[in-house]
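Novice: give me a 3D structure for the following:
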Amino acid sequence: MIFHLPHDKRKIAIIAGIIGNVIEWYDFALYGYMAPIISQLFFPNESQVASLIATYGIFAAGFVMRPLGSGVFGWLGDTIGRSRTMLISVAMMMIPTFLLGLLPTYNTAGLLAPALLVIIRLTQGLSVGGEFSSSVTYLVETSPASRRGLSGSWANAGSGAGMLLGSLMAAAVTSLLSHDNVMAWGWRLPFLLGGVLGSTAILLRRHLPKSEHFVEHTKRREQSSPIKEAFSSNLKETLQGMVFASGYGAIFYISLVYLPTWLSEYTGVMLKRAMQINTVAMVIVMLLIPVMGWLSDRYIRRTHFISLSMLVIAASAIPLTLWMQSGSIEAAVVGQLFFAVAVAVPGGVAPAMFVELFPTRDRLSGYSVSFNIGMGIVGGSTPMVLTWLISKTGVNFIPALYMLLWAAVSLGALIWMKDRSREPLL
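Specialist: This is a model prediction of the structure:
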């Protein structure tokens, strides 16, 4: 039976999936890009490193909420449907982001300021736990079998575009405004813009058609808890996805979120220049993600393709990081762009791989839980952990060792995982 949407409706579905992820990841990643500024406004401390650790701690706290969000939104998606869940998740990101742009700073409100910041970040983390996996599942389930890799990649392309937009806004604010103006009011502008843009995603998602693949399979499903299934009959797949997502999350956030801060704090590269390099890297990732998804449909199985990228990352992490540590702009550019290309492979291929890993009846729960526990706990804590490790050891190339470790872990999970890229969805 054919479950994919007709061509005209698929275009609407793809646009809605992309725009939602643009907003979600613009909002969520922007905090990471603005961390050096936020640390001074909400966590004033004589030690710049201590302030930065506190700021990244809240960044990680938002990610810790992702597993809880994955459980809530996974259950919703497997009961009320993918399209409705996508609408709820984007609304839960839009409102807190706008409020973040209105927050008083520590100098104005004292301890109330960081307390409110924590609440907002936790709410955003809950939302992110449901958005990405919901949209990927919807896009892959409604696509032709021969285009699942490409279809799933659009959600990550939207995420990349959102992170790019966040990087552009951070670069624009720090480049076009004086330091005093940035600290006084300029830092608020990107967050207020994110809140306004969120209304676009809500309008696009209001009337999305349901995934017929989901509707048909739920008619035949026995009444059971999708979350329970993720940790019982689908336990092996959940663990495989969790381990892979942990490694991928650590590598992703080093390469595209933490690296600008590392370059400015530990190599002498100006923050403005580091942000500009990161923006170029995000453009490359965004453009390559659909290409990688398409290649996995046509030429190479998904687990094999991602395994190759992990081997490349493991082999290059130490030499490239040592070169970047020299403070050379050329090294910073080449190093970050190289990692960007390598990260684009799992970025484009992993979405469909996750959908293919789980059966339809509880797919969103299994996908959400495994992906968000790994990505949230390990990936989200990576900037904080690395900042702390460097401060304690004085070894600035620790990010390279961290990448090497987690690339090996991800590779182990991929070897263990069954590839279903050429099989019908379960």
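Novice: tell me which helix or strand residue 77 sits in.
Specialist: Assessed by DSSP states H and E, residue 77 sits inside helix 48-79.
Novice: isn't residue 374 right next to residue 250, touching?
Specialist: No. Counting by Cβ atoms under 8 Å, residue 374 does not reach residue 250; the two are 9.2 Å apart. No exception for glycine: its C-beta is placed from N, CA and C like everyone else's.
Novice: what ranges in the chain fall below the confidence cut-off?
Specialist: In the predicted model of the chain, residues 1-10, 28, 45-56, 59-64, 81-82, 208-232, 426 satisfy pLDDT under 70.
Novice: now stretch 116-123: how far from the chain's centre is it?
Specialist: 18 Å (Cα atoms, centre = their mean, to the nearest Å).
Novice: can I get the CA coordinates of it in CSV?
Specialist: Provided in CSV are the C-alpha atoms of stretch 116-123 (Å, rounded to 0.1, in the frame of the first residue of the first chain):
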residue,chain,number,x,y,z
LEU,A,116,14.0,33.2,35.1
LEU,A,117,16.7,32.3,32.5
VAL,A,118,16.8,28.7,33.9
ILE,A,119,13.0,28.4,33.6
ILE,A,120,13.0,29.6,30.0
ARG,A,121,15.8,27.3,29.0
LEU,A,122,14.1,24.3,30.6
THR,A,123,10.9,25.0,28.7
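Novice: return the set of buried residues in that stretch.
Specialist: By neighbour count, with 16 or more other Cβ atoms under 10 Å as the criterion, the buried positions of stretch 116-123 are 116, 117, 120, 121, 122, 123.
Novice: residue 330 and residue 197: what is the separation?
Specialist: 35 Å (Cβ to Cβ, to the nearest Å).
Novice: now do residue 268
Specialist: 35 Å.
Novice: of the two, who's got more company?
Specialist: Using other Cβ atoms under 10 Å, the more surrounded residue of residue 268 and residue 197 is residue 197, with 19 against 11.
Novice: excluding residues flanking it in the chain, which one is nearest that one?
Specialist: residue 23 (5.6 Å; Cβ to Cβ, 6 or more residues apart in numbering).
Novice: dump the residue contacts of the one you found.
Specialist: Going by Cβ atoms under 8 Å, 6 or more residues apart in numbering, residue 23 touches 90, 93, 94, 162, 194, 197, 198, 200, 201.
Novice: how does it look with 7 Å?
Specialist: 90, 93, 94, 162, 194, 197, 198, 201 (Cβ atoms under 7 Å, 6 or more residues apart in numbering).
Novice: in which helix or strand does it reside?
Specialist: Residue 23 belongs to helix 7-33, assigned by DSSP H and E.
Novice: which strand or helix spans residue 330?
Specialist: helix 329-357.
Novice: show me where the stretch 51-200 of the chain has strands.
Specialist: For the stretch 51-200 of the chain, applying DSSP state E, counting those that start in this stretch gives no strands.
Novice: tally of neighbours for the residue nearest to residue 374 when sequence neighbours are not counted?
Specialist: Using Cβ to Cβ, 6+ apart and skipping the chain neighbours, the partner closest in space to residue 374 is residue 245 (2.9 Å). Neighbour count of residue 245, defined by other Cβ under 10 Å: 27.
Novice: next: residue 280.
Specialist: Using other Cβ under 10 Å, residue 280 has 15 other residues around it.
Novice: what about it, which helix or strand?
Specialist: helix 271-298.
Novice: residues of that helix that come out buried?
Specialist: For helix 271-298, a neighbour-count test (16+ other Cβ under 10 Å) marks 271, 273-279, 281-286, 288-290, 292-297 as buried.
Novice: next: stretch 312-330.
Specialist: For stretch 312-330, by 16+ other Cβ under 10 Å, it's 312, 313, 314, 316, 317, 320, 321, 324, 325.
Novice: quick one on the thing from earlier: chain center to the helix holding residue 23: distance?
Specialist: Centre-to-centre, helix 7-33 and its host chain are 12 Å apart (Cα atoms, centre = their mean).
Novice: next SSE downstream of that helix?
Specialist: Proceeding N to C from helix 7-33, the next assigned helix or strand is helix 35-42, under DSSP H and E.
Novice: can you put the contacts of residue 23 in CSV and add distance to residue 12?
Specialist: Below are the contacts of residue 23 laid out as CSV (distance: Cβ to Cβ, whole Å):
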residue, distance to residue 12
90, 15
93, 21
94, 20
162, 19
194, 23
197, 19
198, 18
201, 13
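Novice: ok so, going back, okay, and which of the buried residues of stretch 312-330 map to helices?
Specialist: Using DSSP state H, 312, 313, 314, 316, 317, 320, 321, 324 are the members of those that sit in helices.
Novice: which of these lies closest to residue 102?
Specialist: Proximity of those to residue 102 (Cβ to Cβ) peaks at residue 324, which lies at 37.3 Å.
Novice: ok now do the residue nearest to residue 336 when sequence neighbours are not counted, which residues does it touch?
Specialist: In this structure, residue 336 finds its nearest non-sequential neighbour in residue 281, 4.8 Å apart by Cβ to Cβ, 6+ apart. The contact partners of residue 281, by Cβ under 7 Å, 6+ apart, come to 256, 336, 337, 340.
Novice: repeat that with 10 Å
Specialist: With contacts taken as Cβ atoms under 10 Å, 6 or more residues apart in numbering, residue 281 has the following neighbours: 163-164, 167, 255-256, 259-260, 333, 335-341, 343-344.
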